[in-house]
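> turn this into a structure:
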Amino acid sequence: MIPKFGYPHVATWGGQTLTRHDQAPAGQLQERARPREYAIYAEGLRKNFGSTTALDGLDLKVPTGTVCGLLGPNGAGKTTAVRILCSLLRQTSGRAEVAGFDTLHQAAEVRYRIGLTGQHHAVDEVLTGRQNLVMFGKLYHLGPRIARARADELLEQFALTEAADKQAKTYSGGMRRRLDLAVSFIMAPQVIFLDEPTTGLDPRHRTEVWRVVRSLVDRGTTVLLTSHYLDEVDQLADHIAVIDHGKVIEEGDPELLKARIGGDQIDVIVRHEHDVPRAAGMLESVTGSIPQTSQELRRISSPVRDRVAALTGVARTLDDAGIRIEDIALRRPTLDEVFIRLTRRATDSASDGDRADIAPGAGVRP
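From the prediction side, this is the model:
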């Protein structure tokens, strides 16, 4: 749905000013939102659907010009949070601001300044890729010439030039996703919400989307990213908020979160499966930590404090005991491990209950 514009949105592209306006006083055509410390600010957000609590006091602060990765298991409240921040859903209590405007009381102002790529395609499959982009440009009140020029640039940027004049229904799933993303970028929005943006894309095109996102951030756009590809979040996010049971359970930059769950780790793979228990005991004596073991994989893993001392100490101890090693390595925890450990901890500490997100469309304002 394209809202009726009562005030302009102004963005810069290619040295030109892109302005969408309708019934706006002439003196306001060059108005810009004032720079703010946080492009997204949420405090105590709650959302209840009957007896189901989708958000339970969510707090979130996203500095302007950064990428925030919003992580959480299915049903944690991510989609509900995004819909509230995009002014598509009314919160039960709490407050939220996007680009300095209240999402509840200044919804139109919020919508002028954001882009949204949801989990489902929103392009017209009967139109060509070029026609889709030109149409959306005109709906955003760009002039025909600028709309066509912007469409050409986005088609090239998203590697769709060769298919530009083919109907979208002939596109592969990955091509449709790239076209959907291009539509969200037409107005170079101040804040863009990317909800699972690279689902269905191959690694090469995922990398291309990452490049586009980085270029937007370099120009000052703020991005809120939800994704089940944790390597994607690790690549793009300046800050990560892990959400479960409708609230943020941990946040920080990727390296900080990895350090919080144990820092460096040593992994040892022994040659013979029967040596795993004995090797585990030796790792514990060297590292001072209880290791995790996999008998089937012949792997023993243990957190370490002093990387070099642990590596040489473990190798020497196992060699002196006659235990043959196939591989030994030091590594940092992955974001996958951070995610699993944090959400498992939250699940263990929470009471059982229905955590499912409400189906799309529930409670949306017309």
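> residue ranges with poor pLDDT in the stretch 201-350 of the chain?
261-263, 345-350 (pLDDT under 70).
> my bad, should have said the stretch 1-150 of the chain
Within the stretch 1-150 of the chain, the ranges that satisfy pLDDT under 70 run 1-35.
> please enumerate the helices of it.
For the stretch 1-150 of the chain, applying DSSP state H, counting those that start in this stretch gives helices covering 78-85, 107-112, 129-139, 144-157.
> contacts for the first one, please.
Applying Cβ atoms under 8 Å, 6 or more residues apart in numbering, the set of residues contacting helix 78-85 from outside is 40, 42, 45, 47, 54-55, 58, 60, 70-72, 89-91, 96, 98, 103, 116, 119, 193, 195, 224, 226, 243, 246, 357-358, 360, 364. Quick note: C-beta positions are derived from backbone N, CA and C, even for glycine.
> do that again at 6 Å, thanks
47, 54-55, 58, 70, 72, 89, 91, 96, 98, 193, 195, 226, 357 (Cβ atoms under 6 Å, 6 or more residues apart in numbering).
> closest one of the residues you listed to residue 334?
residue 72 (17.1 Å; Cβ to Cβ).
> show me what the nearest residue to that closest one once chain neighbours are set aside is bridged to.
Nearest non-adjacent residue to residue 72, counting by Cβ to Cβ, 6 or more residues apart in numbering: residue 243, 3.9 Å away. On the basis of DSSP bridges, residue 243 is bridged to residue 248.
> on that earlier part again, nearest to residue 172 among the contacts of helix 78-85?
residue 195 (20.4 Å).
> quick one: the closest one and residue 226 touch, right?
Yes - Residue 195 lies in contact with residue 226 (Cβ atoms under 6 Å); the separation is 5.1 Å.
> domain assignment for this structure?
The chain breaks down into these domains under automatic domain parsing: 9-257, 264-331.
> most packed of these?
domain 9-257 (a mean of 19; mean count of other Cβ atoms under 10 Å).
> list the contacts for the residue nearest to residue 72?
Taking Cβ under 6 Å, 6+ apart, one finds 72, 76-77 in contact with residue 243.
> TSV for the domains of the chain, including distance to residue 341?
Shown next, in TSV, are the domains of the chain (distance: least, Cβ to Cβ, whole Å):
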stretch	distance to residue 341
domain 9-257	10
domain 264-331	11
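> so for residue 340, which of those domains sits nearest?
With Cβ to Cβ as the yardstick, what comes closest out of these is domain 9-257 (9.5 Å).
> residue 167 and residue 138, how far apart?
Residue 167 is 19 Å from residue 138, where distance means Cβ to Cβ, to the nearest Å.
> what's the answer for residue 210, then?
29 Å.
> and the strands in the stretch 201-350 of the chain?
For the stretch 201-350 of the chain, the strands defined by DSSP state E, counting those that start in this stretch occupy 222-226, 239-244, 247-252, 265-270, 292-294, 299-303, 325-331.
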